[in-house]
Structures are given as structure tokens and as C-alpha cells.
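Trainee: the sequence and its predicted three-dimensional model are supplied below.
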Protein chains: 2
Amino acid sequence: MRWPMSLAVIDGAVIDRAVTPGGTIGILGGGQLGRMLSIAAARLGLKTHIYEPGLNPPAGDVAAAVTTDSYDNAEALARFADSVDVVTFEFENVPALAAATLLAHAPVRPNPRALEISQDRVAEKAFIEGLGITVAQWRAVGNLKELKAGLAEIGGVAILKTRRFGYDGKGQVRIKDVCRAESAWDEIAGAPSVLEGLVAFEREISVIGARGLSGEVVCYDPGENVHRDGILHTTTVPAAISSKVRTDAVLIAGKILNALDYVGVMGVELFLVPGGGLVVNEIAPRVHNSGHWTIEACVVDQFQQHIRAVAGWPLGDGSRHSDAVMTNLIGAEADDWLMLAASGGGLHLYGKAEARPGRKMGHVTRISPRPN
Amino acid sequence: MRWPMSLAVIDGAVIDRAVTPGGTIGILGGGQLGRMLSIAAARLGLKTHIYEPGLNPPAGDVAAAVTTDSYDNAEALARFADSVDVVTFEFENVPALAAATLLAHAPVRPNPRALEISQDRVAEKAFIEGLGITVAQWRAVGNLKELKAGLAEIGGVAILKTRRFGYDGKGQVRIKDVCRAESAWDEIAGAPSVLEGLVAFEREISVIGARGLSGEVVCYDPGENVHRDGILHTTTVPAAISSKVRTDAVLIAGKILNALDYVGVMGVELFLVPGGGLVVNEIAPRVHNSGHWTIEACVVDQFQQHIRAVAGWPLGDGSRHSDAVMTNLIGAEADDWLMLAASGGGLHLYGKAEARPGRKMGHVTRISPRPN
């Protein structure tokens, strides 16, 4: 027997493109995000197939199938896409050519445009600014002369970031003085870059938003993020912000999701500046570290929400039943797993064999009742 | 690099036998319980290896390895046990010989004695009664003469149950009149049986209890169960019982866990009778359908609790942050998956291809805030 057709009417809209239970979600990337996506898919009766260049990816332990191959093997990508019902990804640095190859064989959600934009800090800033949303002062920088000119124009402290492949503070140099322009340029090896003015923020927050195939948008309440050594350290929900700022942040996320005709979960990082204004720092077209708290504090977490979206299912409720604090376990911090297991809270370990410095090994979420 | 040794002192006790992250839990049986156990293990950075005679078991989609072989292939069992750090099971009908074979190669938790006792209704009732805990009136029945004598002794309505391999109401016949003795005996094909007096209960409840390797016991609050056609239909938490009954039920579960030197999660089904007394109906030496609500309503659910116990980890907190109602999706009820996904609550589908009548296909849990 086959599962019944997925044609159904929900809230007046015909949903006819849903992946049926027993179907397979293809995921590019097999790290901890892919692992948690696989778990979420399994809960809904869906299988996953992981495509990952590295051997023994963490997500492989909980996936129905794993393909180990590079992102430039068009044949392997095509075989992979042919074996699944929809393709999604756990990270934004999937090569554009790979996405194009996949698209000829299966739906790719979110769409490759979101990938292209978020892969390039210049394209990202121009796109967000084009929506009337504030970003930090910025200048595209292609050579040392442009860097010096940019520093003069922006004034004060600025951050030089490579346009591509930056994450967890990698590929970034802070420049306090124009005299440091040359050494900064050397440090990023003269890669095409963007120069950003430093934002004097009061708080860093993020919105985890989802958009479904039918255009519905569901956002979780913004979390407040604290970074350490350029890596997310804690996310606290609710953030200590006014209800106006909360609403503004969610509206910004919704605007970006709609403008990209996005399908899936996105992380939007924002700075709250004095006076209550919001500045978008960056967007991540995927489930996001600052949304891990949703596993313990919501019935439908960000991972299931992403799977629901890309599978063409209705989105789940984004409300939380509890307040939460999520703390990342970086490098050797996860060596204390036995004490962490004994000390309460929701412990998550990602199944990585080697605890290298700076590597995300797991996280812990502690919840508390929401005040009435 | 290897994970650090698991030697640690927790609450004054040295824990030196814990399975370290990256280790493997072997699970006998690959149904939905094995699937949810695999997911729980993955969250803690542990792998699972499923041993299951049937092809394409639901748990296989989320397991690092699957062995497809019979429970009487000693060589396959030994290979399986050699490949894992500890063996556990998702159902109680694992043959005793298989358990003995496994035990020569790896720890088996819970211990095979719990299996032996719960596999045989006569041994189970004698054991529980021996602890001073009330069970229904019962007589072991080996032939028609014993059945007739038992019916006369018990009086009133009685239920004839096969000693072995009963579940979800299978292998049971209700006898209202001694004249029906012969047809009842035919119906169970003359299998060694137990005759039980019908318990006139007010409510059916169950306690999901866990015992760790160091002897610590953690129980979830009792749930109230409603059956339909002999299959669990809903579990509601909290059960509508007094705090005295709640305490009595938890103490009964703790007594059974301790008496068996049990390690893992056990389901204890009880009847509440008029006057407030409790009668144990049966025990299940495994995670239990009536404990599925813990996934949404507790930070550490029954599946993670079982994995923690059998891995030698400290148990998690058994408290719940929300009240809950779990509803099973039986047979064709899961065909409405798209409407169920849209209607809120935590939807779980087990990845079974065929929706046969009476088959457990999934469940839905709805939570609500705990009253203050």
C-alpha cells in the first residue's frame, strides 16, 4: 500500500506538493545541523539522505543514506537529487553551480537565490538595504586603495570581512586606525572584501523565522546572543528588549523571507542600537545555532519547522511553552559530558570524534516556566 | 584523540562504567520504540546498532548500523554484541537463549531476569505478589480441567490469557460463564495460560519509571490510560487521582525496579479500584507507549532516560513542564497526516510503509501549561 496522495485543503489553500511520509529529504552537509535536521525528519516519518564531502559526518549516524562526494561532482549530485524528493542544505556555502545542477533534478528549498545572496556579504548588504532595512555602513573593497578610501569615508573603527566563506568570526579583521590598513589587507590575503563600520550596539539578537511553501510565515520570539571569541556562547529567550523592538525584529525577518520567496528556516542576526533602532548584521539561509533552544522550549522546534517547510507541509506553531538559555559547548568544554549530564537541562552532543579548539561539540539548554 | 575516560564522581558515587560519547548502544528490535530510542541516543552523541529479523525496520532509518537476522542465530547475535558497548531491547519477547548468548559478549540492560519474568504472566504475577503488591486473582492453567476449576474458584467474569507473547489484547479471551470454558480453551489453542479475575477498576494508570546503574530511581508522574479495542488510545497527564494514589503508584514502581536490580525504563500498568487501592496489571521491561507524552512535556523524555540508564549515565530529571494528552494513531488514522500536521500539537509518524488495521502508525501529543 502507498500513502494517500498529499493533496489536501488547509485553511482554504490546496497543498498538493507535500512530500508524503516515507519520502526522503536530501540534505547538503552532514554536520550537527544536518544531524538535528535528520532527527526532526525522522519524527515526521521522513527519511534523509546526506551529501557530504567529509568521511563519517555526524548526520550520517541518523540518516537513511549518505553520499560521500565533492560539491563539484555533477554526476554524484544528480544521482543524489534523483534519489530524494526535495533538496535542502545545512550551510550557506554550497557552490552555486552545485545548486544549479541539483535544481535540474529536484526542488531545492530554500531557492538558490537565497544561497547566492548570503554567500556574498556585498550582495547581502545591498539586498537588505534595498528592502529599506538598516545595515552597518559598508563599502565593497577590491584593493588596498579602496580599503584606505573606505576607512576614511566610514571613519572610526571598521571591520574588514571577506565577501565569502566567513563564519564564526573567521575571515575578519578589526581596523582601529588607517595605518593598519596594509597589515589588515595582508591578513585577509587580499580577498574581495567588504568594509563595515563598527556598530555600537546595546544587544545582539536574532530572529529564527520560517516561511512555508504557501507563503505563511512563522517566527520564534527573538533570542539574545552573547558571543565569545567570535563564536556564539549563549542565547537567552526572551531577549531583554521592548515589545516594540520585538515586533520590529520579527517584521524585518518576515520582510526578508518574503522578498526572497524563501522556503525554510532562516536566521536573521540583528544589533539593537541606542534609541531602539535595529541593524541587520547578517542572514543565514538555514537553521541557526541561536535557534537550538527551540528543541526544549517549543513543541515544533526550528529543525522540524525547516523540514515541514521544505517538505511542503504546513508550518507548526512558533510559540514557546518555556523561557530558555542555550549554552554552546566549544572544544574541550564537552569533555565534561558526564558532569553536564548530571547537572540537569537538555544536553546535546553532536557525535564528533575530535574536540578541536573552537569546534562546536554540543550544547545545553535550560528552560524555566514563562512568567504569567 | 579519544574521548576522556568515563571515570567520574557524581553525588559521591564513582561512575566508571559509562558508555562514552561516540559509543554504540545495541538495540534488539527495530520498531517505533527502537526508532525513538535511536533518536534519543543520537542526541547524546551515541550511535545505535539495531538487530531485527524483519527487513527495513523503522529504526533503521536513524541507526548507524542494522543487522538483519533471527534471534536464534547465535553467531550473528555474538557478532552484534561484540560491535556494541551495551545491549538493550525495545520489546520483552526476546528469547531467553538470545539474551544469554548476548550476555557472554556485552552487558545486557535491563538484565535478562526482567525479560524472563515479564515474558511469562505466571512468573510475573508470582513475582509481583511476592513483593507484597496486589495483582488480580489468578490461577495458572495448563489444561481444560484446571481452567474449569479456576473459573469456579475465581467466580464471576475472568480473562484467560496465554502465559507468553501477549500484547495489545492479543492472546486473551474474556469468559463470563463456565459453559464457555471449552470454546475459550479452543480459542487460545490450549496454550499454557493464566486465568485472571476481572478487576472492577475506576481508572487505568501507568508509571514510567527508570533505574540507573548506581541504583537511583526516577519516575514520571502517572498517566491515565484509555484503551480502545485492546490498544492504548490516549494517555493523559496528570491522571485524575489523589496525591496519595500517585505516591502509592510511584512507590510500587520503585519497589519492582529495585527488586529486579533493574537498569533502564519500565512501564508499570495499574488499576485503581474503588476505595483507592492499586492492582498491578502488568509490567513492560522497556520504554512504553503510555510514556510517549514525555517527549513534549519533559526535558529528558523516557527514551533518553532509558539510554542514560543503560549507558551508565546519571538519570535526568523526571519532572514535566507541561500537562499532556497523547493520542495514538492506529491504522488508517495516520492517513490524515497532513491535517494532523496542520492542527497543532506534536505529531510523530513512525515511518511504517503499510497502515494495517490495529498497527501503531504514529501519535500526537498536545501539551498545556501546568496549573500553578
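Mentor: Thanks, I have it.

Trainee: ok, the residue in the stretch 1-150 of chain A that chain B sits nearest to - how many residues close by?
Mentor: Of all residues in the stretch 1-150 of chain A, residue A:45 sits closest to chain B, at 2.8 Å by CB to the nearest CB. Where you see a C-beta, it was placed from the backbone N, CA and C, and this is true even at glycine. Using other CB atoms under 10 Å in any protein chain shown, the number of residues around residue A:45 comes to 26.

Trainee: once you drop chain neighbours, what's closest to it?
Mentor: Sequence neighbours aside, residue B:349 is the residue nearest to residue A:45 in space, at 2.8 Å (criterion: CB to CB, 6 or more residues apart in numbering or on different chains).

Trainee: how about the one you found, phi and psi?
Mentor: Note on residue B:349: backbone dihedrals following degrees, to the nearest 10 are phi -120, psi 140.

Trainee: contacts only, for the closest residue to residue A:129 other than its chain neighbours.
Mentor: Nearest residue to residue A:129, sequence neighbours excluded (CB to CB, 6+ apart): residue A:135, at 5.5 Å. Going by CB atoms under 8 Å, 6 or more residues apart in numbering or on different chains, residue A:135 touches A:125, A:128, A:129, A:279, A:280, A:281.

Trainee: ChimeraX command to pick out the buried ones of those residues?
Mentor: Applying 16 or more other CB atoms under 10 Å in any protein chain shown to these, the buried members can be selected in ChimeraX as follows:
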select /A:125,128,279,280,281
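
Trainee: a markdown table for the contacts of residue A:135, including secondary structure?
Mentor: What follows is those, written out as a markdown table (DSSP: H, G, I helix; E, B strand; the rest coil):
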| residue | secondary structure |
| --- | --- |
| A:125 | helix |
| A:128 | helix |
| A:129 | helix |
| A:279 | strand |
| A:280 | strand |
| A:281 | strand |
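
Trainee: which two in the contacts of residue A:135 are spaced the farthest apart?
Mentor: Greatest spacing in those, by CB to CB: A:129 and A:281 (13.1 Å).

Trainee: can the helix or strand containing residue A:87 be said to contact chain B?
Mentor: Counting by DSSP states H and E, the element that carries residue A:87 is strand A:86-89. No. Strand A:86-89 does not reach chain B (CB under 8 Å from any CB of the partner chain); its nearest approach is 15.7 Å.

Trainee: past that strand, which element shows up next along the chain?
Mentor: helix A:96-103.

Trainee: for that next one, list every residue counted as buried.
Mentor: Going by 16+ other CB under 10 Å, helix A:96-103 has these buried residues: A:98, A:99, A:101, A:102.

Trainee: ok, now stretch A:136-154?
Mentor: By 16+ other CB under 10 Å, the buried positions in stretch A:136-154 come out as A:136, A:137, A:138, A:139, A:140, A:141, A:147, A:148, A:150, A:151, A:154.

Trainee: still on that earlier bit, separation between the residue nearest to residue A:129 and residue A:271?
Mentor: 10 Å (CB to CB, to the nearest Å).

Trainee: find residues that contact each of those two.
Mentor: By CB under 8 Å, 6+ apart, residue A:135 and residue A:271 have these common neighbours: A:279, A:281.

Trainee: I figured residue A:297 was touching residue A:237, is that so?
Mentor: Yes. Between residue A:297 and residue A:237 there is a contact under CB atoms under 8 Å: 6.8 Å.

Trainee: tell me the contacts of residue A:33?
Mentor: A:90, A:91, A:286, A:287.

Trainee: still on that earlier bit, and the buried residues of stretch A:136-154, which two are the farthest apart?
Mentor: Farthest-apart pair in the buried residues of stretch A:136-154 is A:136 and A:148; separation 18.8 Å (CB to CB).

Trainee: give me every residue that touches the closest residue to chain B within the stretch 201-350 of chain A.
Mentor: Nearest residue of the stretch 201-350 of chain A to chain B, counting by CB to the nearest CB: residue A:349, 2.8 Å away. Applying CB under 8 Å, 6+ apart, we find residue A:349 in contact with A:329, A:334, A:337, A:361, A:362, B:21, B:43, B:44, B:45.

Trainee: so which of these are in strands?
Mentor: Taking DSSP state E as the definition of strands, the contacts of residue A:349 contribute A:329, A:361, A:362.

Trainee: might you report the residue contacts of the closest residue to residue A:302 other than its chain neighbours?
Mentor: Nearest in space to residue A:302, with sequence neighbours left out and distances taken as CB to CB, 6+ apart, is residue A:291 at 3.9 Å. Residue A:291 makes contact with A:206, A:208, A:220, A:223, A:235, A:265, A:267, A:301, A:302 under the criterion CB under 8 Å, 6+ apart.
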